[in-house]
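[1] fold the following.
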Amino acid sequence: MQGELTWSDRVKIITVITIDVHKRDVVATLVKRKVESNVDFKWQSQLKFYWNVEDQFASIPICDFSTIYSFESVGNCGRLVITPLTDRCYVTLTVALRLLLGGAPAGPAGTGKTEATKDLARGLGIPCYVFNCSDLMNYQTVGDIFKGLTQVGAWGCFDEFDRIEIEFLSVITSQVRCILDAAMLNAVPANRPRNTKHYLREPLLQRWVC
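    As a prediction, this is how the structure comes out:
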């Protein structure tokens, strides 16, 4: 870090240091609490990456949620400093994914709600697009955004959602309900269209949660 580095190399090294510091703190906590089992909540509540050599994919379990790393290129944008509160946000959001639901982080402005969501998406290798809502948006605008997100399998983070006119919120709620119902239906591999099954082998299909 003290040498002559290019901007991109410096960002990469800062990212590695940020993640390494968090992992060091996690290991120190495990040692302090004398954790000896892999079913202990302190260990289960961390994002863990396991590479499957046979099927060539990376699985990511956290608590009772498990998914496959999506390998989406997020660019050289750095990572958020991970705090105990960030870990709790990760657990809450992933459990919501396990239940095929969305998440709605709440709190004062500037506390990192959006950044924590984006950082979790980076950790899972999923694209995450942030939309700043305004009173000019209606159900058709939001519906078009939903169409794009569902077609590419990306996350959508809607900031200032309460700015949308209240008359449109009931229709938008119905749109969200349709998406969640479709996700719940297609979470079962047998319910998926035949032409989608060739993308992954059957053992991998059974590992997809959402």
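[2] state the distance from the spatially closest residue to residue 51 that is not a sequence neighbour to residue 42.
    Spatially, and ignoring its direct neighbours in sequence, residue 51 is nearest to residue 58 (5.2 Å; Cβ to Cβ, 6 or more residues apart in numbering). Every residue, glycine included, has its C-beta placed from N, CA and C. Noted for residue 58: a distance of 22 Å to residue 42, by Cβ to Cβ, to the nearest Å.
[3] you'd agree the residue nearest to residue 51 is in a strand?
    Yes: using DSSP: H, G, I helix; E, B strand; the rest coil, the secondary structure at residue 58 is a strand.
[4] any idea how far it is from residue 128?
    If you go by Cβ to Cβ, the gap between residue 58 and residue 128 works out to 18 Å.
[5] contact partners of stretch 116-130?
    47, 60, 67, 69-72, 74, 77, 79-80, 82, 86, 89-90, 93-94, 103, 105, 114, 149, 152-157, 159 (Cβ atoms under 8 Å, 6 or more residues apart in numbering).
[6] now a ChimeraX select for only the buried ones of the residues you listed.
    Buried residues within the contacts of stretch 116-130, by 16 or more other Cβ atoms under 10 Å, are selected in ChimeraX with:
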select :47,60,67,69,72,74,79,80,82,86,89,90,93,94,103,114,149,155,156,157
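[7] tell me which strands and helices the host helix or strand of residue 178 is in contact with?
    Secondary structure assignment for residue 178, by DSSP states H and E: helix 166-186. If you count contacts as 3 or more Cβ pairs under 8 Å, 6 or more residues apart in numbering; DSSP states H and E, helix 166-186 packs onto helix 139-152.
[8] what does the following helix or strand past the helix it packs on contact?
    Downstream of helix 139-152, the next assigned helix or strand under DSSP H and E is strand 155-159. Residues outside strand 155-159 that contact it (Cβ under 8 Å, 6+ apart): 114, 117-118, 121, 126-133, 145-146, 149.
[9] beta partners of residue 65?
    Beta-bridge pairing of residue 65 under DSSP bridges involves residue 62.
[10] list buried residues within the contacts of strand 155-159.
    For the contacts of strand 155-159, a burial check counting by 16+ other Cβ under 10 Å picks out 114, 117-118, 121, 126-128, 131, 133, 145-146, 149.
[11] give me the number of residues near residue 57?
    Neighbouring residues of residue 57 were enumerated by other Cβ atoms under 10 Å; the total is 17.
[12] for residue 131, which three-state class applies?
    On the three-state scheme (three-state DSSP), residue 131 is labelled strand.
[13] and the nearest residue to it once chain neighbours are set aside, how far is that from residue 185?
    With sequence-adjacent residues excluded and distances taken as Cβ to Cβ, 6+ apart, residue 131 is closest to residue 158, at 5.2 Å. Going from residue 158 to residue 185 by Cβ to Cβ gives 24 Å.
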